[in-house]
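*Asks:* below: sequence and its predicted model.
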Amino acid sequence: MAAVDDYLFDRAAQIAAQVSLPWAELDGKTILVTGSTGLIGSQIVRTLLSRNDRVRAGIKVILPVRNIKKAQVLFGDRSDASVLEWSLGDELVGPEHVDYVVHAACGTSSKSFLETPATTIIQIVHGGEAVLRFACSADAQKVLFLSTMEVYGEVEGVATEDNLGRLDPMVVRNSYPEAKRLVECLCASYAAEHDVPSVVMRLAQTFGEGVHPDDMRVFADFGRHAIEGKDIVLLSDGLKRNGYLSVDDSVRAILIALVNGQSGEAYNAVNEDAYCSIREMAQLVLDQFGAEGARVRREFDPEREATFRKASDLMLDSSKLKALGWEPYDSLSDMYRAMIDCWSVHD
């Protein structure tokens, strides 16, 4: 196994060792995870497998994936992990029964939201429907759908779960959050009409270990520039403020909400202490990981700027999730340290 895989499994083992997680309800269960080769889904799977390695928990994971070889490389050949060939939007055919479903499969390329918005919508909505149909047929105890902070649109004040703002459906960049909103509604509707218990997790921007060194998102771009000793170049004014979340904290949030979340409800996951502007984040990265003399500066790139979420501050309130027993542990610096450390052992 490559050094980066060892590093990721070591991180997952630390999560699996935490007694605050609802292991009594997860041990011995069959859990289907879509998106298991992605950033968050893969670390969920590693955590569940690490739980088995630690205490022989008897958890079985079912992994519907587009690329079977990639999944086998990530997780190895294990008797507690079964891989199925599946693409987002196709009918999902799996075992007759599963206990829990985590639907984490989704593209995250802002460029594709602009260039192929119809495909973006169709894949997200059809994928969500396929997963819910399967969960219904498999008599799942609970489905958790990974949504996004972008469903809030332009919201006034703090974004609580019942305080959604404006999204213009005629702006094609909104293909992604509008589709996510619709799948959220599908989850609530399947719970009401077909008695499929489901919860929605609205994640803040999430990063940490497992982010690929070539990732084009802003947080990764900042990290690359810092460790290469370069200036960080902003393609916007950098004043937009967001909350952030570590990969580890997202895994813990998902497992807690999967077991303890109330069906038909949505939950925000964010570290409110990591709330900052893009410019502030850039400066923090340079201060802690950059070269002496490197600075934050602005350049204008209208093509790249068009891919960004429309500028507005977005602060999520995570008190509802905290009431289930979750707390975030990792600061913004911790997120960057985990990402950069993982890059250092990358093949």
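*Replies:* Looks like it came in fine. Bear in mind the structure is a predicted one, so any value in this text is a computation, not a measurement.
*Asks:* the residue positioned nearest the centre of the chain: which element?
*Replies:* By C-alpha atoms, centre = their mean, the chain has its centre lying nearest to I40, at 4.8 Å. Here I40 sits within helix 39-55, counting by DSSP states H and E.
*Asks:* and the next helix or strand past that helix?
*Replies:* strand 60-65.
*Asks:* quick one on the thing from earlier: so for the helix holding I40, mean pLDDT?
*Replies:* For helix 39-55, mean pLDDT rounds to 98.
*Asks:* and that helix, which residues are buried?
*Replies:* Neighbour-count burial for helix 39-55 flags 39-52 (criterion: 16 or more other C-beta atoms under 10 Å). In short, each C-beta sits where N, CA and C put it, glycine included.
*Asks:* between these, which is closest to H103?
*Replies:* Comparing the buried residues of helix 39-55 against H103 with C-beta to C-beta places G41 closest, at 9.2 Å.
*Asks:* check contacts around the closest one.
*Replies:* Shown in contact with G41 (C-beta atoms under 8 Å, 6 or more residues apart in numbering): V33, T34, G35, V102, A104, A105.
*Asks:* using CSV, lay out these together with secondary structure.
*Replies:* Formatted as CSV, those follow (DSSP: H, G, I helix; E, B strand; the rest coil):
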residue, secondary structure
V33, strand
T34, strand
G35, coil
V102, strand
A104, coil
A105, coil
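*Asks:* what's the closest of the residues you listed to D334?
*Replies:* Using C-beta to C-beta, the contacts of G41 come closest to D334 at A104, 21.9 Å.
*Asks:* the closest one: how many residues sit nearby?
*Replies:* Neighbour count for A104, taken as other C-beta atoms under 10 Å: 24.
*Asks:* ok, it - contacts?
*Replies:* V33, T34, G35, S36, G38, I40, G41, I44, L146.
*Asks:* S20: which of these is nearest?
*Replies:* I44 (16.4 Å).
*Asks:* the closest one touches G38, doesn't it?
*Replies:* No: using C-beta atoms under 8 Å, I44 makes no contact with G38, being 9.6 Å away.
*Asks:* still on that earlier bit, of the contacts of G41, closest to K322?
*Replies:* For those, the nearest to K322 is V102 (20.3 Å; C-beta to C-beta).
*Asks:* cool, thanks, signing off.
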